[in-house]
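Enquirer: need a 3D model of the sequence below.
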Amino acid sequence: MAEDTNKFDVSYVAYLARMHLTDAEKEKISAQLKDILAYVAKLNELDVSHVEPTAHATPLSNVFRKDEVQPSIDREKILKNAPEQVRDLFIVPKIVE
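Expert: Numbers count the residues shown, from 1 in each chain. Next up, the predicted model:
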């Protein structure tokens, strides 16, 4: 009975995801999900009571630079790369009708 339930679950999830799976693909995915769930069950056996909850697997520090005013690229230099320009703006082909 559990085998039928797993097939139904795979079919239902595929339906929700708007995926069209063959019977062979459903069998393969069902077996993969079974392996994944067995691995998760094995992980649940670990004693993690002494491990502090974290948002990341490794410690992170702020990787952003300081928010300081810096000189930007010269506008004239940038506009020299424009095939066409008007009033300091790039002119590009219309792509939306």
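Enquirer: who's in contact with the helix or strand where Lys77 lies?
Expert: Assigned by DSSP states H and E, Lys77 falls within helix 75-79. Helix 75-79 has contacts (CB atoms under 8 Å, 6 or more residues apart in numbering) with 85, 88, 90. For glycine as for every other residue, the C-beta is placed from the backbone atoms N, C-alpha and C.
Enquirer: not counting sequence-adjacent ones, nearest residue to the first one?
Expert: Spelled out, that is Gln85. Of all residues not flanking Gln85 in the chain, Leu79 sits nearest, at 5.2 Å (CB to CB, 6 or more residues apart in numbering).
Enquirer: what is whichever strand or helix holds Glu25 packed up against?
Expert: Glu25 belongs to helix 23-44 when elements are defined using DSSP H and E. On a contact count with 3 or more CB pairs under 8 Å, 6 or more residues apart in numbering; DSSP states H and E, helix 23-44 meets helix 2-16.
Enquirer: tally of neighbours for Arg18?
Expert: Look at Arg18: counted by other CB atoms under 10 Å, it has 6 neighbours.
Enquirer: do you know how far it is from Asp88?
Expert: 46 Å (CB to CB, to the nearest Å).
Enquirer: about what we covered before: report the rounded mean pLDDT for the helix holding Glu25.
Expert: Averaged over helix 23-44, pLDDT sits at 90.
Enquirer: got the buried residues for it?
Expert: 26, 29-30 (16 or more other CB atoms under 10 Å).
Enquirer: and that helix, C-alpha only, in CSV?
Expert: C-alpha atoms of helix 23-44 as CSV (Å, rounded to 0.1, in the frame of the first residue of the first chain):
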residue,chain,number,x,y,z
ASP,A,23,5.8,6.0,-15.7
ALA,A,24,9.5,5.3,-15.8
GLU,A,25,10.3,8.8,-14.6
LYS,A,26,7.8,8.5,-11.8
GLU,A,27,9.4,5.2,-10.7
LYS,A,28,12.9,6.7,-10.8
ILE,A,29,11.8,9.8,-8.8
SER,A,30,9.9,7.7,-6.3
ALA,A,31,13.1,5.6,-5.7
GLN,A,32,15.2,8.8,-5.3
LEU,A,33,12.7,10.3,-2.9
LYS,A,34,12.7,7.1,-0.9
ASP,A,35,16.5,7.3,-0.6
ILE,A,36,16.3,11.0,0.4
LEU,A,37,13.8,10.3,3.1
ALA,A,38,15.9,7.4,4.4
TYR,A,39,18.9,9.7,4.6
VAL,A,40,16.9,12.4,6.4
ALA,A,41,15.7,9.7,8.9
LYS,A,42,19.3,8.7,9.4
LEU,A,43,20.2,12.4,10.1
ASN,A,44,17.4,12.6,12.6
